[in-house]
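Chemist: Sequence plus the predicted model coming up.
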Amino acid sequence: MNRVAAAVLIAVSTTGAVFAQDAAPAAAAVAPAYDLRADVERVMKEFDVPGIAIAVVKDGKVVAAEGFGVRKRGEAARVDGKTIFEIASNSKAFTAAALGMLVDQGKLSWDDPVIKHLPDFRMYDAYVTAEMTVRDLLTHRSGLGLGAGDLLWWPTTTFSTDEIIHNLRFVKPATSFRSAYAYDNLLYIVAGKIIAAKSGKTWGETMHEWILKPVGMTGTTTSLEENTKFANVSAPHSKIAGKAVPVKPMPVANAVGAVGINTSAEDIARWMNVLLDNGKVGADKRLWSDKQAREMWTAQTPMTISQPRPPLAATKPNFYAYGLGFQLRDYQGKLVAMHGGALQGFYTRVLLVPEAKLGIAIFTNAESGPSLNALQYRLLDQHLGVAPTDWIGRIADIDRENQAKEAARVKGEAASRAAQSKPSLALASYEGDYEDAWYGKVSIKRVNNRLVMSFTRTPDLTGEMEHFQHDTFIVRWKERNFNADAYVTFSLDHDGSIERVRMKPVSTETDFSYDFQDLLLVPVKKEKKG
């Protein structure tokens, strides 16, 4: 990609690091008493994060766009402001913005039925199919359960985008339409498909042409294949045996509308300034109208406000809702439009405070939500002029407590099982193919007298099954970084044959996109010979 700006300005970050900024205002000074590096290095050590990138913009100026730590544990290359991270669901804002641009162009309306633009679109319920609007695709109120159907794309599957959209019709709702908030990814995949259909190009091509190039995000990609053109790319890290280690990337070309953007601190700073300026790029160019900017940050779906632990009481919002591609809440009396992102080996967060013209982005190459929370509140307080609180220490204490409780819970379940029980059937009787209406086939075979489960469209979901109790087994995936081992429970019919199989994660910390609990596997009947 060619750089848009003719000039390259050099800005200096809070710690003295130098980075290139195309056609961007010079960096603003931060109070010298604040040591960003000290906070970030403390977080990396406390939460075992190999590398972090931080971007901060304030009043249209870039305060920070720099990196800390290493791109890949065990190697010397450092994270800097140009290092590319997978930002996962922070891509949803790009999809929402592109749809807003289509509205401005008169090519669709937020309240158009989806079937007006994708005639073959179907949900499980015919009424929902007819009533689902473009707006509904972005607001997590479809009736689908949390992460429902995510196994169609997570971890990497062989389903195409069109197959995923087709299989939506087989995913049963968890609630009635528009009655409750439940985060989903599949409908953002549908939204991405609409963008491609209306632009006449792929989602990725449209992002480059409509947003990335005009904004000057020349180091941003829309696929892991594009990432190979760059040397400065962070590796993903997941915890195995309690330690963050490098793992292989997780391509998700079939889910780009939900999770397709990969970017750097420098580029996300440009994006945040455009968002904070309601779609304006420079003095005389606009990507979307003020009206669409208001739509994105208008509450659409109420979200439940949970009660934080006493040490985190000051973080509790008074309102919490989802807009279009953004979560909306208040902090210190100001609106915050924010989002998180999680893919294998990467957790990221973007926060915007429109009233303060403040934007903060935090990218990590590890799977640590607490590290994001700690830096989020520390940086918000610093740049909103709030008296400092030791959020890092408080959140680290709670994280250790939560980990200990979860370890005790899992250990307790194992200790309370009926250890002397045996499966009702011989191992050979559990072998065979099983099928779910929306996912498809899962196979169970004996290998060296052990049962092995394999998801036929997900190459990495293969693992040995160990007996837990009665007719419940635990499948332990060969990819040990998944933290997604699952109970597999067989139910028998009156004649002793297997009627169905249900699954659910062993750990409550398993990512919700491993939605094993939504599967209803039934044996595939073998055709009789002769």
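Modeler: It's in.
Chemist: dump the residue contacts of Ala408.
Modeler: Neighbouring residues of Ala408 by Cβ atoms under 8 Å, 6 or more residues apart in numbering: there are none. Quick note: C-beta positions are derived from backbone N, CA and C, even for glycine.
Chemist: Can you say which helix or strand has it in it?
Modeler: helix 391-416 (DSSP states H and E).
Chemist: Show me what counts as buried in stretch 492-510.
Modeler: Neighbour-count burial for stretch 492-510 flags 498, 500-503, 505-506, 510 (criterion: 16 or more other Cβ atoms under 10 Å).
Chemist: what do you get for stretch 130-146?
Modeler: Buried residues in stretch 130-146 (16+ other Cβ under 10 Å): 132-146.
Chemist: Any idea how far apart the tips of it sit?
Modeler: 22 Å (Cα to Cα, to the nearest Å).
Chemist: again, but for stretch 322-334
Modeler: OK, stretch 322-334 end separation, Cα to Cα: 16 Å.
Chemist: Renumber starting at 44 from here on
Modeler: Noted, 44 is the first residue going forward, which turns the last one into stretch 365-377.
Chemist: So which bits of that stretch are buried?
Modeler: Buried, per 16+ other Cβ under 10 Å, within stretch 365-377: 365-372, 374.
Chemist: Adding secondary structure, write the residues you listed out as a markdown table.
Modeler: Shown next, in a markdown table, are those (DSSP: H, G, I helix; E, B strand; the rest coil):
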| residue | secondary structure |
| --- | --- |
| Tyr365 | strand |
| Gly366 | coil |
| Leu367 | coil |
| Gly368 | coil |
| Phe369 | coil |
| Gln370 | strand |
| Leu371 | strand |
| Arg372 | strand |
| Tyr374 | strand |
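Chemist: for those, which one is nearest Thr264?
Modeler: Gly368 (19.2 Å; Cβ to Cβ).
Chemist: who's in contact with the closest one?
Modeler: 135-140, 181, 339, 382.
Chemist: Those in strands, which ones?
Modeler: His382 (DSSP state E).
Chemist: nearest to Leu470, of the contacts of Gly368?
Modeler: Lys135 (44.3 Å).
Chemist: ok, the residue lying closest to the closest one once chain neighbours are set aside to Gln335 distance?
Modeler: Among residues not flanking Lys135 along the chain, Gly368 sits closest, at 4.4 Å (Cβ to Cβ, 6 or more residues apart in numbering). To Gln335, Gly368 is 11 Å away according to Cβ to Cβ, to the nearest Å.
Chemist: what touches both of these two?
Modeler: Ala140.
Chemist: from the buried residues of stretch 173-189, which is closest to Asp168?
Modeler: Once Cβ to Cβ is applied, the member of the buried residues of stretch 173-189 that ends up nearest Asp168 is Gly186, at 7.6 Å.
Chemist: quick check: mean pLDDT across the helix or strand encompassing Ala240?
Modeler: Using DSSP H and E, Ala240 sits within helix 229-242. Averaged over helix 229-242, pLDDT sits at 98.
Chemist: cool, and stretch 82-91?
Modeler: 98.
Chemist: Distance from that stretch to the middle of the chain?
Modeler: Centroid displacement of stretch 82-91 relative to its chain, using Cα atoms, centre = their mean, to the nearest Å, is 22 Å.
Chemist: So which bits of that stretch are buried?
Modeler: Result for stretch 82-91 [16+ other Cβ under 10 Å]: buried residues 82-83, 85-87, 89-91.
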